[in-house]
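*Asks:* Coordinates for the following, if possible.
(one chain, ligands or ions: 4)
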Amino acid sequence: LKLENELRRAIAQEEFVLFYQPQVDIETGRIVGVEALIRWAHPEKGLISPNHFISFAEESGLIVPIGEWVLRAACKQNKIWQNQGFPKMPISVNLSMRQFFQHNLKGKISHVLEQTGLDPQYLELEITESMTMDVDHAIQSLLELKELGVHVSIDDFGTGYSSLYYLKKFPIDKLKIDRSFVRDIMVDPNDAAIVTTIIAMTHHLNLKVIAEGVETEEQLHFLHQNRCNEVQGYWFSPPVDAVELEHMLSHGVPAA
Ligand code: G
Ligand code: G
Ligand code: NA
Ligand code: MN
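*Replies:* Ligands and ions are numbered 1, 2, ... in the order given. Okay, the predicted model is just below:
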């Protein structure tokens, strides 16, 4: 109950901030996207990781107003970067299950895009495999999002209900290979095989592919050799605040 009350206050007072993690083109080393990740700027406890409140927010339904804040803040920030003259790139936002099943999701997103003036092609929504288990709902929702002109990626790909059926049927743009597969690609031949197979499959299906959780140069090299399009992870940068992200947009990511 304490967490619930505190979260309600946090929503009312907008005690949240977004951090941003760069997504890097593996060929050019340039930042071609950013993932927005929420933190709770608690007045006494400082920055709180989403791991400490997102699952509670999901259970209680508070994720809906929190998710709307994230969406608005991310679109607003991306528009600011564009106005400042940085190269245009999509910003990715994690959608929760409840948001994905919300009535009029398309209308809500469309409203935020209009309010912030962000061109829909510069918003990418990350959904997880578990949200696609209701196949009819998923197809319907994704078609509506497609009509809006936003991009959709499948987050944590390979860890949930991975159906090859939806890869064929669903209008999605990108797969994000879960970092649990990337972690051991240099030591576990099974993980290496899974990752190379996912990459090859995405090329055949005309999807883009990004590897998450890239932490070493060896992993990067492996992914490059196997024609992964994009990479994201601590090797380049952890999620950082807007000022640090702007620094990287100006000067490049350190390790690229
Ligand atoms: O940023 P960090 O690695 O601490 O994120 C931890 C978890 O919280 C990740 O699973 C991430 O997807 C989730 N998360 C971060 N920001 C958001 C958000 O804005 N909305 C939702 N639904 N989940 C988020
Ligand atoms: O579930 P999702 O993929 O949205 O999770 C994003 C989370 O992954 C962020 O909270 C971020 O802090 C974390 N993350 C990003 N890059 C790395 C990495 O290279 N290694 C590890 N262990 N975690 C990472
Ligand atoms: Na994500
Ligand atoms: Mn992920």
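*Asks:* What count of nearby residues applies to the residue nearest to residue 63 when sequence neighbours are not counted?
*Replies:* Using CB to CB, 6 or more residues apart in numbering and skipping residues adjacent in sequence, the residue nearest residue 63 is residue 57, 4.1 Å away. (C-beta placed from N, C-alpha, C; glycine too.) When neighbours are counted by other CB atoms under 10 Å, residue 57 registers 24.
*Asks:* can you give me the helices in this protein?
*Replies:* 2-13, 54-60, 63-83, 97-100, 105-116, 135-148, 164-169, 179-182, 189-204, 217-225, 242-251 (DSSP state H).
*Asks:* Report the rounded mean pLDDT for the last one.
*Replies:* Averaging pLDDT along helix 242-251 gives 97.
*Asks:* Could you do the fifth one as well?
*Replies:* For helix 105-116, mean pLDDT rounds to 98.
*Asks:* Least confident secondary structure element in the protein?
*Replies:* helix 164-169 (a mean of 83; mean pLDDT, DSSP states H and E).
*Asks:* Could you tell me which residues within it count as buried?
*Replies:* 166-167 (16 or more other CB atoms under 10 Å).
*Asks:* Touching it from outside, list them.
*Replies:* Helix 164-169 has contacts (CB atoms under 8 Å, 6 or more residues apart in numbering) with 132, 135, 138-139, 172, 201, 205, 207.
*Asks:* Give me the buried subset of those.
*Replies:* Buried members of these, counted by 16+ other CB under 10 Å: 132, 138, 172, 207.
*Asks:* where does the second one sit relative to ligand 1, distance-wise?
*Replies:* In this case it means residue 138. Remark: distance between residue 138 and ligand 1 (CB to the nearest ligand atom, to the nearest Å) = 17 Å.
*Asks:* Could you list the residues of the protein in contact with ligand 3?
*Replies:* With CB under 5 Å from the ion as the criterion, the chain comes near ligand 3 at residues 94, 126, 155.
*Asks:* quick one: contacts for the second one?
*Replies:* Neighbouring residues of residue 126 by CB under 8 Å, 6+ apart: 35, 92-95, 152-155, 176.
*Asks:* Kindly recompute the last result at 7 Å.
*Replies:* Taking CB atoms under 7 Å, 6 or more residues apart in numbering, we find residue 126 in contact with 92-95, 153, 155, 176.
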